[in-house]
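**Q** Turn this into a structure:
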Amino acid sequence: MSTTLFNLQLDHIAHLQRAYSDILVEHQLDSLAIYSGHTSDHFADDHAPPFQAYGHFMHWVGLADLQHSWLIIQPEKRPQLYLYAPADFWHLPTYLPEEPWVEAFDVHLFSDKIGSDIIPPALAGNAAVIGDIERLDTRTLKAERHPEQIVHALDELRLVKTPYEIACLREANRLAIAGHQAAQAAFIGASGELDVQLAYLGASRQRESNVPYQNIIGLNEHAGVLHYQHYDLTAPKHRYSLLVDAGRRFRGYCADITRTYAGPDAPVVFGELVNAMQDVKDELVRGVAPGVNFVTLHEQMHYHLGEVLVTHGLYKGTGEQAVEEGVTRAFCPHGLGHSLGLQVHDVAGLRHSDGTHAPAPKLHPALRLTRTLRPGMVVTIEPGLYFIAMLLDPLRSTSLPINWPLVDQLMPCGGIRIEDNVAVTESGFVNLTP
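**A** The predicted structure is shown next:
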């Protein structure tokens, strides 16, 4: 690991110490306990699903797999890390990496699960606790549980990334890109969805339980299922399309990249549409800058999409009419993108600059980000164009000038989504997905 990254991480922790101190003093708190969380066994079983630590805990330590652990933050004091590290021969014991950031914490190792009957001793004074504590016995804990104002302030803090966080997101993208290249090669080699998934995991160097979200590997009509959740074991007879929406973590931070490919059996126009949506994505990325409202960018996506539908013969009116008549919403029902960080759909997306709630527009209820962009924010830009029967069929009985024979020809292709991860800078943007 480079010295530069370690130095950036130490600067990041110092930034958190100052910011948390200001927040705690403002809200008259002496201590804040952050619980990492823990997984639970499946019902009537002794196996548990994969675990992911609470985002505000990861913000400090960058490790996504620390269960039953606590951070105690107090103004102007060193952070206290209470690490659950039992002696165990059934599992590999918990350990911290030999990296400079560990020296910024006072580390306490515990073999018992803190929270059931042991409360972190550093928690004192006027205190609050956040995290998944509902399943813990905290009856003796004298602390406010999940104070809304504190959580909102910490969410806002995570919205704007430090240089260390940008570096981690850039590296997560680099690793994910290697996976996407392998997925494309597997598609060219006539692989099935599971084979594409395994190629992705191998090239991006991760196991399936560590991905930041379940990878979407959709061949043909499955590319039109927005959160397609299966992997067919065999390759289809015809290869019309492949959509790969897949990510990677690096030190807790998530890449979220999507690519779509036209197969050898696809109509020529589908390949042209893939290229057109790539151009739309690039144009929208160029629109990322401080002071730009993300809702406006989302609306621009629909006007670009309207022009794509007209240019490629799917709609026989004007692009503006396609937007006004709701046609583009039937071809793309999701939002342009979302905030990205320690969570794929990162916190504080649906808020105004003052922290108050800003819901998605009525016409675009799936939009996950309604903020005005600021330097340090990282967002995804992911325009889409899909052929989804349940959304398009209601329009067949209307007089809208949709080219239904062409729509039917493209139905087996499922759809198109192209997604990059973009950081907002002081003067514009940096695309983290080269």
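**Q** Helices of this structure, residue ranges please.
**A** For the chain, the helices defined by DSSP state H cover 3-26, 55-61, 148-159, 163-188, 193-204, 268-286, 294-311, 319-324, 327-331, 389-392, 404-410.
**Q** Summarise which helices and strands the fourth one is packed against.
**A** If contacts are counted by 3 or more CB pairs under 8 Å, 6 or more residues apart in numbering; DSSP states H and E, helix 163-188 sits against helix 3-26, helix 193-204, strand 241-250, strand 253-262, strand 378-381, strand 420-424. For the C-beta atoms, the positions are set from N, CA and C on the backbone; glycine is no exception.
**Q** swap in the second one?
**A** Here helix 55-61 touches helix 3-26, strand 31-35, strand 70-73, helix 148-159, going by 3+ CB pairs under 8 Å, 6+ apart.
**Q** Kindly reformat the helices of the chain as a markdown table containing distance to residue 84.
**A** Formatted as a markdown table, those follow (distance: least, CB to CB, whole Å):
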| stretch | distance to residue 84 |
| --- | --- |
| helix 3-26 | 21 |
| helix 55-61 | 12 |
| helix 148-159 | 22 |
| helix 163-188 | 24 |
| helix 193-204 | 28 |
| helix 268-286 | 42 |
| helix 294-311 | 39 |
| helix 319-324 | 53 |
| helix 327-331 | 48 |
| helix 389-392 | 46 |
| helix 404-410 | 53 |
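**Q** can you tell which of the ones you listed is closest to residue 357?
**A** helix 148-159 (9.7 Å; CB to CB).
**Q** before we move on, back to that, go through the helices and strands packed on helix 163-188 and name the closest to residue 338.
**A** strand 378-381 (5.7 Å).
**Q** Leaving out the residues flanking it, which one is nearest to residue 204?
**A** In space, and not counting its chain neighbours, residue 204 is closest to residue 179: 3.2 Å by CB to CB, 6 or more residues apart in numbering.
**Q** Next: residue 152.
**A** Once flanking residues are discounted, residue 152 sits nearest to residue 355: 5.4 Å by CB to CB, 6+ apart.
**Q** repeat for residue 49
**A** residue 39 (6.1 Å).
**Q** measure the one you found to residue 68 for me?
**A** 10 Å (CB to CB, to the nearest Å).
**Q** the more surrounded of the two?
**A** Between residue 39 and residue 68, counted using other CB atoms under 10 Å, the more crowded position is residue 68 (22 against 15).
**Q** who's in contact with the closest residue to residue 169 other than its chain neighbours?
**A** Spatially, and ignoring its direct neighbours in sequence, residue 169 is nearest to residue 253 (5.0 Å; CB to CB, 6+ apart). Going by CB atoms under 8 Å, 6 or more residues apart in numbering, residue 253 touches 62, 165, 168, 169, 172, 341, 342.
**Q** now do residue 361
**A** By CB under 8 Å, 6+ apart, the contact list for residue 361 reads 295, 367, 370.
**Q** Try it again at 7 Å.
**A** By CB atoms under 7 Å, 6 or more residues apart in numbering, the contact list for residue 361 reads 295, 367.
**Q** try the one 10 residues further on
**A** Under the criterion of CB under 7 Å, 6+ apart, the contact partners of residue 371 comprise 294, 349, 351.
**Q** Tell me which strands the least confident helix or strand in the chain by mean pLDDT pairs with, and in which orientation.
**A** One helix or strand of the chain scores below all others by mean pLDDT, DSSP states H and E: strand 144-145, with a mean of 90. Partners of strand 144-145 in the sheet, by DSSP bridges, are strand 127-130 (parallel).
**Q** Contacts for the partner strand next, please.
**A** So strand 127-130 is contacted by 29-35, 56, 141-147, 150-151 (CB under 7 Å, 6+ apart).
**Q** same thing with stretch 260-275?
**A** Outside stretch 260-275, the residues touching it (CB under 7 Å, 6+ apart) are 184, 187, 223, 238-243, 308, 312, 385, 409-410, 413, 416-418.
**Q** Residue 19 reaches residue 157, doesn't it?
**A** Yes - taking contacts as CB atoms under 7 Å, residue 19 lies within contact range of residue 157: 5.4 Å.
**Q** So which of the two has more stuff around it?
**A** Between residue 19 and residue 157, counted using other CB under 10 Å, the more crowded position is residue 157 (19 against 15).
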